[in-house]
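In: sequence unavailable; structure follows:
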Ligand code: GTP
């Protein structure tokens, strides 16, 4: 296929603005899939994606489109729709020369519209604004066009108004892809060079990497090298995605497709990495970053007998996701488990949901934490405000865009839920990593009758210590049964107690309920009490049931 008749593009949008619906229409119109109800959202494959209506893993499709007597190869590179995956979005974008920027005709510009626009703008791509859902009763495309002009400085005449649902004007989108997006500047005479923008694990063939070929050619049997790890592989299989794999035995400059080369782990084909031929080494493409976990949580089997099962489920899931980090961990309270690192909160939730749905695993997930760098010096004493306003722009008379610098810790807990409920669902939110900053953090202990409980040590911001210590004491009080003596539940910073709850003494006599001489009933009750005790942990003389730890450590 001549490179001047190739177009590589992706669709970017805020969640729910209709990216998948438009992708489906484009696939139908170019004959890549049949036009039936069943094919709704072919590009969203995972069950979680269907349920949540969000794209987690990018899927790609090559479309053939006839325009003015010429056949064009249009490579549609799907991008994940959520901020947690913005690095993956930026890599998908760098495989393209243009983007369709979708904006909902009713909702207008939202947080991820802006974030995604800048990714495309910084990569200097052609940007085609598409206003979707014009069929809606309260659609206001005029207003959205004004927003696009004001915020992105794109003339309103360039906007295409469509209804992806009904198919209205979607043909114009395909024409704009051909007319407004430049072909890739890739020469078949250059040495082979390809960008990995996605990878999946397949049990029979190993890693299947999605690549965009930036130069040269590659065929079955070639020996290729991945730049990041420097390992060499033999190409076993390769071809186009339509969107199903369509083996062609070779790929050329400008094309987008898949490649299988005996890689055993997705960490060998990381997103953003470069592939080249062993005999023709080239410089790696810029912008590669190994995935970096930002949110951490402990995961433990509900029961230690399920440890092996959970381990194999976690292994299988991480085979497909090189961005999850896994470390063995154990907690006195929860037993053996793992500490997993994720790109963000949604990433963590999706992983957890997949464990439960696809592997039937029951997991205890601890409250998420974020990484800190501890600097042991007096500079930590600097008092920091928790959020700093960076700038503010009125998009129109109804919407304002505000930028703040926030500690990630404040965002992971319940910020998003709060924002949504305060704004009755109208506000939207996006974030990017702004690096580490000094903060006034302290270690908080939880004490039971004066003894510290190792598994409940937490790091909190000084301003939050009181409320968080109080909440932990209350949760513990509710989950520790009364015992023969009074129990003081305290939160402390160093030697200073900042919160306290008291569990009153109570003489528990299980036999009290037994009247008469029913000996079997008596034995049963004694046995039950003994079993109950097994699930207890002694801290000093206080018996703490396992559930109490779970209630305090688990996410609410
Ligand atoms: P993510 O994958 O989460 O980014 O969402 P998305 O942008 O792919 O949105 P999706 O295509 O799933 O559409 C979201 C909702 O909007 C669905 O319920 C669609 O049926 C609906 N929708 C999409 N396009 C249109 C349209 O043109 N008109 C109307 N009325 N609804 C639409």
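Out: Perfect, I can see it now. Given the structure is predicted, the values throughout are model-derived calculations rather than measurements.

In: who are the contact partners of residue 26?
Out: Contacts for residue 26 (Cβ atoms under 8 Å, 6 or more residues apart in numbering) come out as 63, 74, 76, 170, 173-174. For the C-beta atoms, the positions are set from N, CA and C on the backbone; glycine is no exception.

In: apply 10 Å and report the result again.
Out: Residues counted as contacts of residue 26 (Cβ atoms under 10 Å, 6 or more residues apart in numbering) are 9, 11, 32-33, 43, 61, 63, 65, 74, 76, 100, 164, 170-171, 173-174, 177.

In: pLDDT at residue 357, what is it?
Out: Note for residue 357: predicted pLDDT of 82.

In: in this structure, where's the longest helix?
Out: Criterion DSSP state H: the longest helix present in the chain is helix 462-479.

In: how distant is that helix from the center of its chain?
Out: Helix 462-479 sits 29 Å away from the centroid of its parent chain (Cα atoms, centre = their mean, to the nearest Å).

In: what's the mean pLDDT across that helix?
Out: Mean predicted lDDT for helix 462-479 stands at 86.

In: re the thing from before, which of the contacts of residue 26 count as buried?
Out: In terms of neighbour count (16 or more other Cβ atoms under 10 Å), the buried residues within these are 9, 11, 32-33, 43, 61, 63, 65, 74, 76, 100, 164, 170, 173-174, 177.

In: take these and keep only those in strands.
Out: Judged by DSSP state E, the buried ones among the contacts of residue 26 include 9, 11, 61, 63, 65, 74, 76, 100 as members of strands.

In: between the residues you listed, which is nearest residue 86?
Out: The closest of these to residue 86 turns out to be residue 11 (Cβ to Cβ; 15.3 Å).

In: quick one: contacts for that closest one?
Out: Residue 11 neighbours (Cβ under 10 Å, 6+ apart): 17-20, 22-23, 26, 43, 55, 76-79, 81, 92, 99-102, 116, 128, 130, 164, 173.

In: run a quick neighbour tally on residue 292.
Out: The number of residues packed near residue 292 is 12, by other Cβ atoms under 10 Å.

In: with residue 368 instead?
Out: The burial count for residue 368: 20, using other Cβ under 10 Å.

In: from what I see, it and residue 343 are in contact.
Out: No - using Cβ atoms under 10 Å, residue 368 is not in contact with residue 343, being 12.0 Å away.

In: who touches both of these two?
Out: Common neighbours of residue 368 and residue 343 (Cβ under 10 Å, 6+ apart) are 294-295.

In: the helices in the stretch 401-550 of the chain, which residues?
Out: Applying DSSP state H, counting those that start in this stretch to the stretch 401-550 of the chain gives helices spanning 408-412, 415-422, 462-479, 519-534, 546-553.

In: by proximity to the ligand, which residue of the stretch 101-250 of the chain wins?
Out: Across the stretch 101-250 of the chain, the shortest distance to the ligand (Cβ to the nearest ligand atom) belongs to residue 165, at 3.3 Å.

In: next up, the contacts around that residue.
Out: Residue 165 is in contact with 18, 21-22, 24-25, 132-136, counting by Cβ under 10 Å, 6+ apart.

In: from the contacts of residue 11, which land in helices?
Out: 19-20, 22-23, 26, 92, 116, 173.

In: and these near the ligand, which?
Out: Near the ligand, taking Cβ under 6 Å from any ligand atom as the test, the members of the ones in helices among the contacts of residue 11 found are 19-20.

In: and the buried ones among the ones in helices among the contacts of residue 11, selectable in PyMOL?
Out: This is how PyMOL selects the buried members of the ones in helices among the contacts of residue 11, with burial counted by 16+ other Cβ under 10 Å:
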select buried, resi 19+20+22+23+26+92+116+173
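
In: tell me the one among the ones in helices among the contacts of residue 11 nearest to residue 197.
Out: Relative to residue 197, the closest of these is residue 92; by Cβ to Cβ it sits at 5.0 Å.

In: for the closest residue in space to that closest one that isn't next to it in sequence, report the pLDDT, please.
Out: Distances taken as Cβ to Cβ, 6 or more residues apart in numbering put residue 79 closest to residue 92, at 4.5 Å, once the chain neighbours are dropped. For residue 79, the pLDDT comes out at 75.
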